[in-house]
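Colleague: Need a 3D model of the sequence below.
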Amino acid sequence: MMNNLFSIFDPTTNLFNLSINWISTLIGLMFIPYSFWLIPNRFSILWNIILNTLHKEFKTLLGANSLNGSTFIFVSMFSFILFNNFLGLFPYIFTSTSHLTLSLSISLPLWLSFMFYGWINNSQHMFAHMIPQGTPGILMPFMVLIETISNIIRPGTLAVRLTANMIAGHLLMTLLSDTGPHMASYFVIILMMIQILLMILESAVAVIQSYVISILSNLYASEIN
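Modeller: I've put the predicted structure just below:
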């Protein structure tokens, strides 16, 4: 049972035992280009409104000293994670964001680029950020140690947060669906209602987690200015 339970997170398939399931990561690209060559419809107009709203919010958080176009990094990351989270809710589609391989590949290079840029261009500001204002002199070494550790674990917390939330919902839905064949018919109806509510919850989690990881990355970037 445990092998079947966790098989939904297995990136390999029965075709030559290759990791073909990772191709699902690129399926989200099919939802993007058509808005550029088709007549604008409600979906494309709504999506443009969402992206413009995110762009203004990210621009405000980054501040006036941010580089032009820097918000598009976080808008693109939001779109990429959101598409992959939603695609994982469809049957027989591999959820790539439920693996640390993908989530850590997004957060770690982004965090490293922030650190290199901050320490090279704003080293004095980076040193000052390690010690909050008003810290007693005797506590300064401990504050530097705490701030350094909290800074180092940031990419890991971003990746684990996204992965854990995607795995938790999928596992719960799989566990409940496995109990269906062993239940009475009237309990199956209740189970189907619970599964529908969980699907709605997972749809909300897909949006929230993509927004959370993009807004946190934006906040981390705002600290180096």
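Colleague: Which strands and helices lie in contact with the longest helix along the chain?
Modeller: Longest helix in the chain by number of residues (criterion: DSSP state H): helix 185-222. The elements that helix 185-222 packs onto, with contact taken as 3 or more Cβ pairs under 8 Å, 6 or more residues apart in numbering; DSSP states H and E, are helix 42-62, helix 71-87, helix 100-121, helix 154-178. The C-beta positions use only the backbone N, C-alpha and C, and glycine is treated the same way.
Colleague: Now do Val207, the pLDDT please.
Modeller: Per-residue confidence (pLDDT) for Val207: 91.
Colleague: Look up the closest residue to it, ignoring the ones flanking it.
Modeller: Take Val207 and drop its neighbours on the chain: the residue closest to it by Cβ to Cβ, 6 or more residues apart in numbering is Leu82, 6.5 Å away.
Colleague: Can you name the residues that contact Glu94?
Modeller: I think there's a mix-up here, since residue 94 is Phe and not Glu. Taking Cβ atoms under 8 Å, 6 or more residues apart in numbering as the criterion, Phe94 is in contact with Pro11, Asn21, Trp22, Ser24, Gly88.
Colleague: Go ahead and build a ChimeraX selection from the buried members of those residues.
Modeller: Restricted to buried positions by 16 or more other Cβ atoms under 10 Å, the ChimeraX selection for the contacts of Phe94 reads:
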select :11,21,24,88
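Colleague: Switch the contacts of Phe94 over to a markdown table; also include pLDDT and secondary structure.
Modeller: Output for the contacts of Phe94, formatted as a markdown table (pLDDT from 0 to 100; DSSP: H, G, I helix; E, B strand; the rest coil):
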| residue | pLDDT | secondary structure |
| --- | --- | --- |
| Pro11 | 70 | coil |
| Asn21 | 74 | helix |
| Trp22 | 75 | helix |
| Ser24 | 75 | helix |
| Gly88 | 83 | coil |
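Colleague: now the contacts of Phe94 as JSON lines including distance to Pro132?
Modeller: Shown next, in JSON lines, are those (distance: Cβ to Cβ, whole Å):
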{"residue": "Pro11", "distance to Pro132": "43"}
{"residue": "Asn21", "distance to Pro132": "45"}
{"residue": "Trp22", "distance to Pro132": "42"}
{"residue": "Ser24", "distance to Pro132": "44"}
{"residue": "Gly88", "distance to Pro132": "40"}
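Colleague: quick one on the thing from earlier: tell me the most buried of the helices and strands packed on helix 185-222?
Modeller: Most buried of the helices and strands packed on helix 185-222, by mean neighbour count (mean count of other Cβ atoms under 10 Å): helix 71-87, with a mean of 20.
Colleague: and it, what does it pack onto?
Modeller: Judged by 3+ Cβ pairs under 8 Å, 6+ apart, the packing partners of helix 71-87 are helix 42-62, helix 100-121, helix 185-222.
Colleague: Just tell me which of those ends up closest to Pro141.
Modeller: For the helices and strands packed on helix 71-87, proximity to Pro141 was assessed by Cβ to Cβ; helix 100-121 is nearest, at 19.7 Å.
Colleague: quick one: contacts of that closest one?
Modeller: Residues external to helix 100-121 that are found in contact with it (Cβ under 8 Å, 6+ apart): 25, 73, 77, 80-81, 84, 96-97, 125-126, 151, 154-156, 158-160, 162-163, 213, 217, 220-221, 223-224.
Colleague: Select the helix or strand of the chain having the lowest average pLDDT value.
Modeller: For the chain, counting by mean pLDDT, DSSP states H and E, helix 2-6 ranks last in confidence among helices and strands (a mean of 53).
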